[in-house]
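> Give the three-dimensional model of this entry:
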Amino acid sequence: MLVSLYPWIKVVHILAVIAWMAGMMYLPRLYVYHHQSKPGGEAEGLYVQMERRLLKGIMNPAMIATWIFGLLMIAAIPAYGSQPWFIIKFLAVISMSGVHGFYSASYKKFAKGERPRTEKFWRIMNEVPFLLLILIVIMVIVKPFG
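Take a look at the predicted model:
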């Protein structure tokens, strides 16, 4: 049954990944701008609101959908699960989820008026999801070690 739905499962998975990655690359940029805003000022309140909406309204649902439909693809074609390229991809997705969790914990600090880390740190963290995404895409498209 799942095998016949595989193309549609894959479509939803890819769309969820795109939404998740858009947020993963935009949220740390908001943190940079947040750092530049005046503490307690109007802009800071606006950034907290934007960060919350991005995280709760887009990133969290997209990450959950990415995981659900990714796992459904493995359920449809279990042989992928033992392939070296898939294991590397899976570890990269777990790492991406960890970065997501770190961003979420940082949001809570920003929302309290704290300024976790430095502006430079957030500029660097802005690149981490893309680097993980490069690894993931290479594993899925090229399937090295397979």
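> What is the neighbour count of residue 144?
Residue 144 is flanked by 10 other residues according to other C-beta atoms under 10 Å. The way it works is simple: take the backbone N, C-alpha and C, and place the C-beta from them, glycine included.
> tell me the SS of it?
Judged by DSSP: H, G, I helix; E, B strand; the rest coil, the three-state class of residue 144 is coil.
> got a list of what it touches?
Residues counted as contacts of residue 144 (C-beta atoms under 8 Å, 6 or more residues apart in numbering) are 84, 85, 138.
> again, 7 Å this time
Applying C-beta atoms under 7 Å, 6 or more residues apart in numbering, we find residue 144 in contact with residue 85.
> Distance-wise, check it relative to residue 85.
Distance from residue 144 to residue 85, counting by C-beta to C-beta, to the nearest Å: 6 Å.
> what does residue 93 give?
13 Å.
> And those two? Which one has more around it.
A direct count of neighbours by other C-beta under 10 Å for residue 93 and residue 85 places residue 93 higher, at 20 against 17.
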